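1. After the sequence you'll find the predicted model.
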Amino acid sequence: MKALLLEEKNKVFEMKVGNIEKPIVNKGEILIKVIATALNPVDYQTGNQGNPNWLYPHILGLDSAGVVEEVGEDVTNINVGDRVVYHSDLTKKGGFAEYGVTTAHTVSLIPKGVSFEEAAALPCAGYTAYQALFHKMSVSKGKTILIHAGAGGVGGFAIQLAKNAGLTVLTTASYNNHEYVKSLGADYTIDYHKEDFAEKSLEITHGLGVDFIIDTVGRENANKSLKALAFNGHIAFIAGAPDINKAISFAHPLSFHQVALGSVHQSNNAKEQRTLSQMGDHMLMLLQEGKLDALVAKVISLDEVPEALAELATRKVKGKIVAKIG
């Protein structure tokens, strides 16, 4: 089959399209003819670092959508011909290829009216936002939330999901992206280049602080974010943990939530793995109903992926980039 091949670590931006053996379906798995695969920062990050489980040439690409071509033994919930979207196990070969294999209990069926490109844009960024909001912090209507990097993938989905859930949304973004994040549902925008986001958040909330924060930036940003949290506030962190021990205080209690979406594949916990399917089902329904935008900013070809990953590495990309495979 045709695939974008990573010959060795640190060669992400030099990947070329070549031929490799078609994957084999095992018990509980399905073979998908891939139509679209979304790009994510984790692609170039893990591609450059490498993984001890990989055999080279490796295939990157975690978020794919396509048509089921074969089902393995004991698969009863998925049929040949179904349109599905899935989040891959990063320890295995991914979706920048004509075919991919994944576990049947972690996929979601794509409903009518939702394209393969839209569906593929969801898993990594969308499920991460969903998990942070509803599985970790249990957000509720009427509360306030600060979402960092609102113009990015996780931030963009988090804004929409939080607004749909009835929260007041603050977000950080460069000034050029303020109108964009407002179009997604942000109530307040903070230019992190020129404003102190913690001070601005306290000002907007009349000194009380926000009830929830999603931090996708890193440890230093997460530490600073703690200053913006209200009494009994919650922070979900993705890119780096704040200094929790120093932040623990009887006078101002806080809750800390680690979000690591992809690790569920290695958990050997089928119940937790099924949450990937459940999150996908809900977000696809919101897409179908017009209550969610898939944030697809650009659709590219398979051989354009390395250049697009280099663009993604600048951390200045707005929305999602999706590669059309089939």
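-> The structure has been received and is ready for your questions.
2. in the stretch 201-326 of the chain, which spans are strands?
-> Counting by DSSP state E, counting those that start in this stretch, one finds strands in the stretch 201-326 of the chain at the ranges 210-215, 229-237, 254-258, 296-301, 320-324.
3. Go through the fourth one and flag the buried ones.
-> Applying a neighbour-count criterion of 16 or more other Cβ atoms under 10 Å, the buried positions in strand 296-301 are 296, 299. Quick note: C-beta positions are derived from backbone N, CA and C, even for glycine.
4. Could you do the last one as well?
-> Applying a neighbour-count criterion of 16+ other Cβ under 10 Å, one finds 320, 321, 322, 323, 324 buried in strand 320-324.
5. what's the angle between that strand and strand 296-301?
-> Between strand 320-324 and strand 296-301, the angle comes out at 30 degrees (axes from the mean of the first three to the mean of the last three Cα atoms, to 10 degrees).
6. Need the CA coordinates for strand 320-324. PDB is fine.
-> Taking C-alpha atoms only, strand 320-324 is exported to PDB below (Å, rounded to 0.1, in the frame of the first residue of the first chain):
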ATOM      1  CA  LYS A 320      -7.000  21.900  11.800                       C
ATOM      2  CA  ILE A 321      -5.000  20.700   8.700                       C
ATOM      3  CA  VAL A 322      -6.300  17.400   7.200                       C
ATOM      4  CA  ALA A 323      -4.600  15.200   4.600                       C
ATOM      5  CA  LYS A 324      -6.800  13.600   2.000                       C
END
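7. for that strand, packing partners?
-> Under the contact criterion of 3 or more Cβ pairs under 8 Å, 6 or more residues apart in numbering; DSSP states H and E, strand 320-324 touches strand 29-38, helix 116-120, strand 296-301, helix 305-312.
8. show me where the stretch 1-150 of the chain has helices.
-> 41-49, 116-120, 128-130 (DSSP state H, counting those that start in this stretch).
9. How far off centre is the second one?
-> Relative to its parent chain, helix 116-120 has a centroid offset of 13 Å by Cα atoms, centre = their mean, to the nearest Å.
10. which other residues reach it?
-> Residues outside helix 116-120 that contact it (Cβ atoms under 8 Å, 6 or more residues apart in numbering): 35-38, 63-66, 83, 85, 108, 110, 284, 287, 294, 296, 299, 322, 324.
11. Just the buried residues of these.
-> Buried members of the contacts of helix 116-120, counted by 16+ other Cβ under 10 Å: 35-38, 63-66, 83, 85, 108, 110, 284, 287, 294, 296, 299, 322, 324.
12. and residue 219, how far is that from residue 246?
-> As for residue 219, its distance to residue 246 is 12 Å (criterion: Cβ to Cβ, to the nearest Å).
13. swap in residue 198?
-> 16 Å.
14. Residue 127 now?
-> Residue 127 is 31 Å from residue 246, by Cβ to Cβ.
15. So the two - more neighbours on which side?
-> More neighbours surround residue 127 than the other of residue 127 and residue 246, with 27 against 9 (other Cβ atoms under 10 Å).
16. nearest residue to that one other than its sequence neighbours?
-> Leaving out its chain neighbours, the residue that sits closest to residue 127 by Cβ to Cβ, 6 or more residues apart in numbering is residue 279, at 4.7 Å.
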